[in-house]
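Student: Sequence first, then the predicted structure:
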Amino acid sequence: MIASPRRLLAGVGLTLMLSPALSAKDFEPAKVPSEMGRLVPDGAWAMIYTPSINHLIQEITPVARAIEPQAAQQLAMAPMMMSMIASEGGPEGGRPAKPASFHLDKPMGIAVGPTDPETGEPDLTIILSADNADKIRLSSAGMGGGPSKVVHLEGTDWVALTSTTFKPSANPNALCADLFEADISIALDQSTIVREYGPMIDATLSQMSNVPVPHNASPEMKEQMASLQKMQEMNAKQMKILLDAFRQWEIGVEFEGTKLDLLAQYKLSSDSAVKFIAGSSSDPRSPLHRLAGQVPDGMPIQFVLNKESVEAMMNFGMADDQAVYPKEVMDKIKAMMPTWETMVHAITDGVAGGMGFPASGFEIIQFSGIKGGAQDTDKILRDIDTAFTDLSDADLGIKAKPELDNAASSVTVDLTFDMDKMMKVFGMNFMDMPGVDPAAMNKHAENSIRAILGGDTLKMTYQAHGSQLGMVGGNSADLARTMQQKLAASTRGWSPSTLSKALGHSWADPTWAVTMDIRQVGGEMLEHVKTMVGPMRVMLPAAIPGGGAVELDMIGSSTDDASQIRVMTDIAQWINMMKDIQHAMEHHKTGHNPV
C-alpha cells in the first residue's frame, strides 16, 4: 500500500519535528538557496529545512534502529517513496511518464501556511530540486489532501509541490533568514499563528477557564470550586501572555549517532509582558561556573541559576500566588516578602545545587555567592533567621524553628508541615464529594509528605564561609559533611563538575542549567509514588531496573535580542530504560522480579 501524499508529507514533517544531537555544533545561520526561499508562499508561518535529505536519513537511521529495527528499513525506503509523489513528463509533458528524479543530496524545505480559509487547515508546500524540473507533474494531485499543484521557478531546477496557489516571489521569504545550519532547522512565526488562530485559541482558553459547579454542591465544595476556577483562570491568563509574548522561534537540531542536540531560540514581541533575563559570563572561570563546580557529582538533579534568573522566578511565583490564594493568605505572604527579597538581593552570582529523593528522605545541597565581609555575612544570617521566624508566625501550616549561631556563622532550621491546615489555608482541601473522606485524604497526603521527607521534620542548615553561603537539607550526615568540605575548598580554588560542564554547553551567555539522570530520579521517586497511590501501587513495577544513566542536560542562555534553550540527551539511553521498565513490568505481573 502506497502512502497518500498527505500522509507522506505528514510523516516527513513529523520526522523533522521530532528530531534533535551533540554539543560541538555552533548552529550558524543556514545557507538556504535563494531559489528555495523564493518558492516559500507569502503568509507561510513555519519553515522546516534540511541541507540534504540523504545526509538526514543517514543521521537519523541510528535513532530509528534503536527504536525499532524495522523503522530503519522503512527509513531507507524514503527516497523511493518520495519519487512516487511526482513524475517527470506524462500526458501534459509530451512523453511517457517516469518517476521524478529529485536531488536528494541537496536541500529540501517544507513550508507551512498560510491557513486555507475554506478548510481551516494550513497549506503545505514541499520545496526541492529535480532533473527536468519544468516537466515535473504530480502523480496523484490532491490525493489525501496533499499537494495538488506544482510551481516551477523558471530557469532553475527548483520546484514546489504545494496545496495552494502562488507565484514565486522576487526575493527569498524572511523565514529563510531565521534558520540554523543544522541537520534539521525550523523557523516559526508565532505572532502570525496567534493572529490566524486567535478566535480558536481564545475559545479554548475560555473553555479551560470555566469550571462547572454541580447544582447540588455544598457550600464547602462551592468554595473549593471557586478556588479551582481562579487557578484555571490564572493558567489561561499565563498561557495567553506567553502566546502573545513570543514573536518567533528558531530551532536547530543535530545528530551524532543516537545523541541529540536541540537549540531553541526565541524572540519577544515589542510589547511583550515577558522580559529577557540577562546572561552571565560564558567564561568557564566565571563566578557562575565556579559556583556550579561546587555541586557534588552523583546528585540525580543538579541546577544552577544566575542572580537574574532567581529574581525572575521569585517575581513570577508571586504573580502566581496572588492569582490563586485567598487575600488573607496573600497579605501574610506579602508581609514576609521584604526579608526574602533582601536575601535574594544579597546574592552576588547566583544559586547552584543538587537534590535527590532516596528512601531515607528528600535531600538538597545548595551554594550561593555572597559578599564576603563580616557585616554582610552577619546580615544574611540574621535575615534567614527572621525569614523562617516570620514564616512560622504566619500560621500557614508550616512551623519553623530557626537557631542562629553567630560564632559558627550558621543557622539551623527544623521545618514541620501540618498538611490538614495547609490544605485549608491555601484553599486546596479535598472536595466534599460522595465517597471521599476529606480527613482520610488529608491524612494520606500527610503520610506521603512524611515519606518524602523521611520523617516528621525537614532539617536545614545554612553555613556562611568566605564569599559563599551553603545550605543542606534532609537527613544525610554525609551531605552535610560534603557541604562543609566544599565551602572550605571554595577559598582555595575549584574543580569542574558535571554541572559546570553542562553549563559550558551554553550557546550564548548562560542564565541557567539543569542536568539530571532520569533513571536515578525515576528510581528514587517510585517508592514515594507508591506511598501516594496506596492500593494502586500494584500497577507499578517493583523498582526501576538498574542500568546505565539516562542523562538529560538543559541550558538557558541569552543574547541582546533573544534567549535560547539547549537540550542534550541520548535517545538510546531512554529507549534502553523504557525496555528495562517494560521487562520489569512483565515479570512483576507473573510474580517474578528481575531487578
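Tutor: Structure received. Residues are numbered from 1 along each chain as shown.
Student: Stretch 294-311: which residues count as buried?
Tutor: By neighbour count, with 16 or more other Cβ atoms under 10 Å as the criterion, the buried positions of stretch 294-311 are 294-296, 299-311. Just so you know, the C-beta spots here come from the backbone N, C-alpha and C atoms, and that holds for glycine as well.
Student: buried set for the longest helix along the chain?
Tutor: In the chain, taking DSSP state H as the definition, the longest helix is helix 219-245. Of the residues in helix 219-245, those buried by neighbour count under the rule 16+ other Cβ under 10 Å are 223-225, 227-228, 230-236, 243-245.
Student: Relative to Met343, which of those residues is nearest.
Tutor: Ranked by distance to Met343 (Cβ to Cβ), the buried residues of helix 219-245 are led by Met234 at 26.1 Å.
Student: now that closest one: how far from Leu228?
Tutor: From Met234 over to Leu228 the distance is 11 Å, taken as Cβ to Cβ, to the nearest Å.
Student: give me the low-pLDDT residue ranges for the stretch 151-300 of the chain?
Tutor: In the predicted model of the stretch 151-300 of the chain, residues 273 satisfy pLDDT under 70.
Student: where do the helices sit along it?
Tutor: With DSSP state H, counting those that start in this stretch as the definition, the stretch 151-300 of the chain shows helices at residue ranges 190-196, 198-209, 219-245, 287-292.
Student: and these as a markdown table, adding distance to Met536?
Tutor: Formatted as a markdown table, the helices of the stretch 151-300 of the chain follow (distance: least, Cβ to Cβ, whole Å):
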| stretch | distance to Met536 |
| --- | --- |
| helix 190-196 | 40 |
| helix 198-209 | 27 |
| helix 219-245 | 23 |
| helix 287-292 | 39 |
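Student: just so I know, which of these lies nearest Leu138?
Tutor: Short answer: helix 190-196, nearest of the helices of the stretch 151-300 of the chain by Cβ to Cβ, at 26.4 Å.
Student: Extract the CA atoms of that closest one and return them as PDB.
Tutor: Only the C-alpha atoms of helix 190-196 are listed here, as PDB (Å, rounded to 0.1, in the frame of the first residue of the first chain):
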ATOM      1  CA  GLN A 190       4.400  32.600  16.400                       C
ATOM      2  CA  SER A 191       2.800  36.000  16.000                       C
ATOM      3  CA  THR A 192       1.300  35.000  12.700                       C
ATOM      4  CA  ILE A 193       0.000  31.700  14.100                       C
ATOM      5  CA  VAL A 194      -1.600  33.600  17.100                       C
ATOM      6  CA  ARG A 195      -3.200  36.100  14.700                       C
ATOM      7  CA  GLU A 196      -4.600  33.400  12.300                       C
END
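Student: residues making contact with that helix?
Tutor: 43, 45-46, 113-115, 201, 243-244, 246-249, 269 (Cβ atoms under 8 Å, 6 or more residues apart in numbering).
Student: rerun at 7 Å
Tutor: Trp45, Thr115, Ile201, Leu243, Asp244, Phe246, Arg247, Gln248, Trp249, Ser269 (Cβ atoms under 7 Å, 6 or more residues apart in numbering).
Student: show me what contacts the closest residue to the last one other than its chain neighbours?
Tutor: Nearest-residue entry for Ser269: Arg247, 4.6 Å, with adjacent residues in sequence omitted and distances by Cβ to Cβ, 6 or more residues apart in numbering. For Arg247, the contact set (Cβ under 7 Å, 6+ apart) comprises Gln190, Ser191, Lys267, Leu268, Ser269.
Student: ditto for Gln564
Tutor: Contacts of Gln564 were listed using Cβ under 7 Å, 6+ apart, and they are Leu263, Ala264, Gln265, Trp507, Ala508, Gly556, Ser557.
Student: Pull the most distant pair out of those residues.
Tutor: Based on Cβ to Cβ, the longest span within the contacts of Gln564 runs between Ala264 and Ala508 and measures 12.6 Å.
Student: Where does the closest residue to Ile127 other than its chain neighbours fall, secondary structure wise?
Tutor: If the residues on either side of it in the chain are set aside, Ile127 comes closest to Gly109, at 4.3 Å by Cβ to Cβ, 6+ apart. Secondary structure assignment for Gly109, by DSSP states H and E: strand 108-115.
Student: partners of that strand, with directions?
Tutor: strand 46-50 (antiparallel), strand 122-129 (antiparallel) (DSSP bridges).
Student: And the contacts of the shortest one?
Tutor: By Cβ under 7 Å, 6+ apart, the residues outside strand 46-50 that reach it are 13, 16, 30, 32, 40, 56, 107-113, 175-176, 179, 183-188.
Student: The longest helix of the chain to helix 198-209, inter-axis angle?
Tutor: Direction vectors for helix 219-245 and helix 198-209, defined by axes from the mean of the first three to the mean of the last three Cα atoms, to 10 degrees, enclose an angle of 150 degrees.
Student: How far away from the center of its chain is helix 219-245?
Tutor: 22 Å (Cα atoms, centre = their mean, to the nearest Å).
Student: Now do it: which elements does it pack against?
Tutor: With contacts taken as 3 or more Cβ pairs under 7 Å, 6 or more residues apart in numbering; DSSP states H and E, helix 219-245 sits against helix 198-209, helix 307-324.
Student: residues in contact with the strand holding Gly109?
Tutor: Outside strand 108-115, the residues that reach it (Cβ under 7 Å, 6+ apart) are 12-13, 36, 40-41, 43-50, 53, 121-128, 196.
Student: Stretch 340-357 now?
Tutor: Here stretch 340-357 makes contact (Cβ under 7 Å, 6+ apart) with 287-288, 291-292, 294-296, 299-307, 310-311, 314, 363-371, 376, 380, 383-384, 387, 452, 499, 524-525, 528.
Student: list the buried ones in it?
Tutor: Of the residues in stretch 340-357, those buried under the neighbour-count criterion (16+ other Cβ under 10 Å) are 340, 343-344, 346-357.
Student: distance of Gln485 from Arg492?
Tutor: In terms of Cβ to Cβ, Gln485 sits 11 Å off from Arg492.
Student: Which SSE is immediately downstream of the helix or strand where Ile60 lies?
Tutor: When secondary structure is defined by DSSP H and E, Ile60 falls within helix 53-67. Toward the C-terminal end, the helix or strand that comes next after helix 53-67 (DSSP H and E) is helix 69-76.
Student: orientation of that following helix relative to helix 53-67 in degrees?
Tutor: Here helix 69-76 runs at 170 degrees with respect to helix 53-67, directions being taken by the same axes, to 10 degrees.
Student: so after helix 69-76, what's the next helix or strand?
Tutor: Next helix or strand after helix 69-76 toward the C-terminus (DSSP H and E): helix 78-83.
Student: buried residues in that following helix?
Tutor: In helix 78-83, the ones that count as buried by 16+ other Cβ under 10 Å are Ala78, Met82, Ser83.
Student: Return the item of the residues you listed having minimum pLDDT.
Tutor: By predicted confidence (pLDDT), the lowest-ranked of these is Ser83, with 72.
Student: what's near enough to touch Ser506?
Tutor: Shown in contact with Ser506 (Cβ under 7 Å, 6+ apart): Ser282, Ile555, Ser557, Arg566.
Student: of those residues, buried ones?
Tutor: For the contacts of Ser506, a burial check counting by 16+ other Cβ under 10 Å picks out Ser282, Ile555, Ser557, Arg566.
Student: Compute the number of surrounding residues for Ala71.
Tutor: Ala71: 15 surrounding residues under other Cβ atoms under 10 Å.
Student: Kindly report the same for the one 3 residues further on.
Tutor: Each residue near Gln74 was counted by other Cβ under 10 Å, and the total is 12.
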